[in-house]
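1. I'll drop the sequence and a predicted model, then ask my questions.
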Amino acid sequence: AVTYENIFELKDGTNRYLEIKYTPFIEEGKLTGVIILSHDITERKLSEVNLLKAKEEAEIANRLKSEFLANMSHEIRTPMNAILGFAEILEIDRDNLSEGQAEAAAIILQNARYLKTMVDDIIDLSRNSFGELRLEIGDIDVARVITEVAETLRPQIEASGQALDIRIDGSTPSIEADGKRIRQIIFNLLQNARVHTPGGTTIEVSVCGTGTEVLVEVKDDGEGLPFENPEDAFGSFRSGLATGGDPMTGSGIGLTISRQLAELHRGTLEVESEAGVGTKFTLLLPVERTAARKLVLPEAN
């Protein structure tokens with residue numbers, strides 16, 4: 001049997017898509033005829049054309065949105081760096097300020113750092129969507145890098161009444177990775193744990209590894225993620241604000257870019273969360289990028 005599709009002009013002048021199927025008719029081993037079946041598939045073809053057009057329009061709109069966000073983020077970054085720089089100067093010179101001025105300077109600095117982090121995440125997200133985000137791979141001591149990030153955030157975590165427990169396996173190997181980006185992933189995971197862990201509970205970071213992979217777990221015994229499906233936490237701009245959270249919970253793209261960075265390293269970032277019990281993020285990184293298994297990208301939301 002042979003099947004093909006074509007467009008035909010009918011007697012009334014209209015055009016219709018037809019699917020034509022030719023099937024040989026055989027009697028006693030001999031070809032005696034052909035059975036021809038035609039099926040009007042005009043509606044299906046029109047639907048396919050409309051879907052393709054809608055897909056192209058959506059892709060164009062998404063690209064324009066990403067370009068706008070990237071351009072605006074770059075424009076914001078220059079004055080933001082100036083604000084951040086002067087706020088840090090005021091912080092250093094806080095002994096010469098009045099109590100009210102010192103408090104105001106601290107608020108400016110906190111918000112400037114938050115805004116700069118958000119801007120950097122938006123730029124990274126846009127660059128990755130265009131395939132322009134590149135890693136600077138080198139041999140890094142992942143255990144040391146993670147410990148440094150955790151210790152940097154320890155004062156902020158403990159000031160909120162939380163505890164930070166860092167557990168490092170001494171046999172954890174070095175890995176081939178971009179140290180800056182690994183720091184970015186761990187920073188985002190710890191900040192997420194801090195936001196969703198009420199005062200007095202524990203944020204735990206554990207690192208262990210084999211000859212081929214390094215496993216990093218960041219878990220807390222807090223309230224859990226504010227999503228019915230924990231995987232929604234990786235969706236762009238899905239922050240705790242959707243459930244009336246603290247406005248300083250972030251833009252909702254830190255976890256998105258963290259998963260993308262893990263995948264660029266040919267690794268994975270997974271999440272488990274239960275309301276009232278806590279959340280665990282599991283980061284798996286290959287020791288050697290060439291030895292990593294094939295990466296299966298998640299479907300878009």
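-> Right, received. Where do you want to start?
2. going forward, measure contacts between C-alpha atoms and count neighbours the same way
-> Noted.
3. Am I right that residue 278 is in contact with residue 218?
-> No - if you go by Cα atoms under 8 Å, residue 278 and residue 218 don't touch, sitting 10.8 Å apart.
4. where do the helices sit along the stretch 101-250 of the chain?
-> Under the criterion DSSP state H, counting those that start in this stretch, the stretch 101-250 of the chain contains helices at 142-159, 179-195.
5. Compare the ones you listed and give me the one nearest residue 28.
-> helix 179-195 (71.9 Å; Cα to Cα).
6. Could you identify which of the helices of the stretch 101-250 of the chain is most buried?
-> helix 179-195 (a mean of 21; mean count of other Cα atoms under 10 Å).
7. And it, what does it pack against?
-> helix 142-159, strand 202-209, strand 213-220, helix 254-264 (3 or more Cα pairs under 8 Å, 6 or more residues apart in numbering; DSSP states H and E).
8. report the angle between the axes of that helix and helix 254-264?
-> 140 degrees (axes from the mean of the first three to the mean of the last three Cα atoms, to 10 degrees).
9. pLDDT weak spots in the stretch 151-300 of the chain?
-> 198-201, 203, 236-252, 289-300 (pLDDT under 70).
10. Quick one: residues in contact with the longest strand anywhere in the chain.
-> The single longest strand within the chain, with elements called by DSSP state E, is strand 15-27. Here strand 15-27 makes contact (Cα atoms under 8 Å, 6 or more residues apart in numbering) with 1-10, 31-42, 45.
11. Okay, buried residues for whichever helix or strand comes after it please.
-> Counting by DSSP states H and E, the next helix or strand C-terminal to strand 15-27 is strand 30-40. Buried residues in strand 30-40, defined by neighbour count with 16 or more other Cα atoms under 10 Å: none.
12. Quick one: list the elements packing against the top helix by length along the chain.
-> Across the chain, the longest stretch assigned as helix under DSSP state H is helix 42-92. In terms of contacts (3+ Cα pairs under 8 Å, 6+ apart), helix 42-92 is packed against strand 15-27, helix 99-129.
13. taking the mean pLDDT, what do you get for that helix?
-> Taken as a whole, helix 42-92 has a mean pLDDT of 82.
14. Please render the helices and strands packed on helix 179-195 as JSON lines that adds distance to residue 19 to the earlier fields.
-> Shown next, in JSON lines, are those (distance: least, Cα to Cα, whole Å):
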{"stretch": "helix 142-159", "distance to residue 19": "60"}
{"stretch": "strand 202-209", "distance to residue 19": "58"}
{"stretch": "strand 213-220", "distance to residue 19": "53"}
{"stretch": "helix 254-264", "distance to residue 19": "43"}
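15. Ok, which of these comes nearest residue 59?
-> Among the helices and strands packed on helix 179-195, if distance is taken as Cα to Cα, the winner is helix 254-264, at 19.3 Å.
16. So which elements touch the closest one?
-> Against helix 254-264 (3+ Cα pairs under 8 Å, 6+ apart) you get helix 99-129, helix 179-195, strand 268-274, strand 278-286.
17. Repeat the analysis, applying 7 Å as the threshold.
-> helix 99-129, helix 179-195, strand 268-274 (3 or more Cα pairs under 7 Å, 6 or more residues apart in numbering; DSSP states H and E).
18. Geometric centre of this protein: which residue is closest?
-> residue 256 (1.9 Å; Cα atoms, centre = their mean).
19. pretty sure it is touching residue 234, no?
-> Yes - using Cα atoms under 7 Å, residue 256 is in contact with residue 234, at 4.6 Å.
20. distance of the residue nearest to the centre of the chain from residue 269?
-> 10 Å (Cα to Cα, to the nearest Å).
21. Restricting to C-alpha, output stretch 164-178 in PDB.
-> Output of stretch 164-178 as PDB, limited to C-alpha atoms (Å, rounded to 0.1, in the frame of the first residue of the first chain):
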ATOM      1  CA  LEU A 164      23.900  25.400  60.100                       C
ATOM      2  CA  ASP A 165      25.500  22.000  60.100                       C
ATOM      3  CA  ILE A 166      28.200  21.300  57.600                       C
ATOM      4  CA  ARG A 167      29.300  17.600  57.000                       C
ATOM      5  CA  ILE A 168      32.200  17.000  54.600                       C
ATOM      6  CA  ASP A 169      33.500  13.500  53.700                       C
ATOM      7  CA  GLY A 170      37.300  13.800  53.800                       C
ATOM      8  CA  SER A 171      37.600  11.500  50.700                       C
ATOM      9  CA  THR A 172      35.500  13.800  48.500                       C
ATOM     10  CA  PRO A 173      37.400  14.200  45.200                       C
ATOM     11  CA  SER A 174      38.100  17.400  43.200                       C
ATOM     12  CA  ILE A 175      35.900  17.900  40.100                       C
ATOM     13  CA  GLU A 176      36.200  19.500  36.700                       C
ATOM     14  CA  ALA A 177      33.800  22.400  37.000                       C
ATOM     15  CA  ASP A 178      33.300  26.200  37.000                       C
END
